[in-house]
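**Q** Fold the following for me, if possible:
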Amino acid sequence: MNWAWLRNCPWLDTRAKFVASVPRDSSLLDLGSSDGETLRHIAELRPDLRLHAVDLAGEPEAYPPGCRFQRANLETDRLPWPDNSMEAVTCMHLIEHLHDLRTLLGETARLLKVGGRVYFETPHVKTIHLPSAGRDFTLNFHDDPTHTAPVAIDTLAQRAREAGLKPVAAGTSRNWLFAAAYPCFFLLPASRKKYTARVHWIGWSAYLIAQRMPDGINPASEKLPRPVADISTLE
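**A** Predicted coordinates:
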């Protein structure tokens, strides 16, 4: 779906709602950009943003024009951008592929300006109990052999605090248009469209938004915001 259609109603998609909240003419860094699908959606919604991307492999030829790409290992490498250079960071469906989050979280905190925010999204821990869809679609967490282990949002929030990031929102990520379409697919044969509608219907992904705090303020003792309660179970 083209995110330009969401400019007047970004609340219909959790990711789009975050991107729409980024200040105008800001710099946004996408970590784990892969084939660039998410970056292209961000550019559709917010053509004013200066986009940057990092991936171990990546397909920079498919990224939006003007996007600055850096090939890097997010478990070990320091990124080339200066401190306090980004208003926003997105990290969608990456952390479940990593064994160690310290470098990723440390670099995120270093690069964000004070008050800047990061959006993390990852499979809900309950996805380990879903039936497998086989090789055609990742429904059960282990359908993707490159996944390491599910990351609970409470755990991610604590790790973010330790890196100097204050959790400000958490919950279930959905595109409500896709979710609303699922009853139309319910009795139809399996297909990618049906699986996509299903994951948004059940709330397959969890998200955390965290904010860079001023130096000297330690968010480590603060509790996770109340909205996290809606990801305790899959509906």
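**Q** Show me where the protein dips below the pLDDT cut-off.
**A** Applying pLDDT under 70 to the chain picks out residues 216, 218-235.
**Q** element containing the most far-flung residue of the chain relative to its centre, please.
**A** Computed with C-alpha atoms, centre = their mean, the residue of the chain farthest from its C-alpha average is Leu187, at 30.6 Å. Secondary structure assignment for Leu187, by DSSP states H and E: no helix or strand.
**Q** need the contact list for the spatially closest residue to Phe178 that is not a sequence neighbour.
**A** Excluding the flanking residues, the one nearest Phe178 by C-beta to C-beta, 6 or more residues apart in numbering is His200, at 4.0 Å. No exception for glycine: its C-beta is placed from N, CA and C like everyone else's. His200 is in contact with 174-176, 178-179, 182, counting by C-beta atoms under 8 Å, 6 or more residues apart in numbering.
**Q** Output the residues you listed as CSV; include the columns distance to Leu130 and neighbour count.
**A** Putting the contacts of His200 into CSV (distance: C-beta to C-beta, whole Å; neighbours: other C-beta atoms under 10 Å) gives the following:
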residue, distance to Leu130, neighbour count
Arg174, 16, 22
Asn175, 18, 19
Trp176, 20, 14
Phe178, 17, 18
Ala179, 16, 19
Tyr182, 14, 18
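**Q** Please narrow these to those residing in strands.
**A** With DSSP state E as the criterion, strands contain none of those.
**Q** and the residues you listed, which of them are in helices?
**A** 176, 178-179, 182 (DSSP state H).
**Q** Relative to Glu75, which of these is nearest.
**A** Among the ones in helices among the contacts of His200, Phe178 lies closest to Glu75 (C-beta to C-beta), at 31.7 Å.
**Q** shouldn't the closest one be in contact with Thr196?
**A** Yes. Assessed by C-beta atoms under 8 Å, Phe178 is found in contact with Thr196 at 5.9 Å.
**Q** wait, what's in contact with the residue nearest the centre of the chain?
**A** Nearest to the geometric centre of the chain sits Met92, at 2.7 Å (C-alpha atoms, centre = their mean). Listed by C-beta under 8 Å, 6+ apart, the contact set of Met92 reads 15, 30, 32, 38, 119-121.
**Q** Counting only helices, which of these make the cut?
**A** Members of the contacts of Met92 lying in helices (criterion: DSSP H): 15, 38.
**Q** Let's see which of the contacts of Met92 end up in strands.
**A** Using DSSP E, the contacts of Met92 in strands are 30, 119-121.
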